[in-house]
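Peer 1: Below: sequence and its predicted model.
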Amino acid sequence: MLYFFHGTDGARARERASALVATLQGKKPEAELFRIEAENWNPLSFDELTLGQGLFSKTYLVQMVSLLENEDAREYICARVVDIAASPNVFVLVEEKVDAATKRVILKYADRAQEFKKTESGKEKFDVFSLADSLGRRDKKNLWVLYQHALAEDIAPEAINGILSWKVRDMLANRLSPFWNTDELKNLSARFVALYHDSHRGKHELGVALERLILSL
């Protein structure tokens, strides 16, 4: 299955894609999430994601961000878009700049596509991924400020929770953070997952609970 979010308003496209991934994770908590960008493109690994499935999970979730900026990746995606769309795994592609020919190919096979355009003023919308950067640096003050900014921009707490949760898993997988140790990250990852599920069970309002978590860091 292939979802395609694109357009000149890259921040909104990434926000919508992240919200979708967060929703899919909530429905498939056992699924393994992969994030692929132009810099870490590997065709052999991508083949495995397209054709295979996890040993203990029914589905892979593959989030691709600005991947088509890599020429080799762009050619690969266009050549195998039929297989990607038919894959048992879920692929979410987010692109800001896409040439017309590539866009036509992907739109032909995408199960769902949405375009986001900048307003006439050309003003860039707030980039919700800046919260992930602050979390990675363990900058609680700036993270809280950016969280308030994100809410003011009408970014859903569910999308924010999904992005922060992804950042924690990314730090765990790469083990490169000088600001967090492994036990702290495992605990934080569990807290983000619990926030999502508890909010859907009506135990709390997600936005309020997420702010409390941020302030507790």
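Peer 2: Great, that's in hand.
Peer 1: Okay, helices next: where are they in this structure?
Peer 2: With DSSP state H, the ranges of helices along the chain come out as 10-27, 43-51, 71-86, 100-109, 129-136, 140-152, 157-174, 182-200, 206-216.
Peer 1: right, and those - which one's nearest residue 63?
Peer 2: helix 10-27 (5.5 Å; C-beta to C-beta). For the C-beta atoms, the positions are set from N, CA and C on the backbone; glycine is no exception.
Peer 1: which residues sit against the closest one?
Peer 2: The contact list for helix 10-27, computed with C-beta atoms under 8 Å, 6 or more residues apart in numbering, reads 3, 5-7, 31, 33, 61, 63, 65, 90, 92, 94-96, 114, 116, 124-129, 155-156, 158-159, 161-163, 165-166, 196-197, 200.
Peer 1: Please check those and keep the buried ones.
Peer 2: Burial by neighbour count, 16 or more other C-beta atoms under 10 Å: within the contacts of helix 10-27 this picks out 3, 5-7, 31, 33, 61, 63, 65, 90, 92, 94-96, 116, 125-129, 155-156, 158-159, 161-163, 165-166, 196.
Peer 1: could you give the angle of the worst-scoring helix or strand of the chain on mean pLDDT to helix 157-174?
Peer 2: Among the helices and strands of the chain, helix 10-27 carries the lowest confidence by mean pLDDT, DSSP states H and E, at a mean of 82. Between the axes of helix 10-27 and helix 157-174, defined by axes from the mean of the first three to the mean of the last three C-alpha atoms, to 10 degrees, the angle is 80 degrees.
Peer 1: Let me see the domain layout of the protein.
Peer 2: 1-125, 126-217 (automatic domain parsing).
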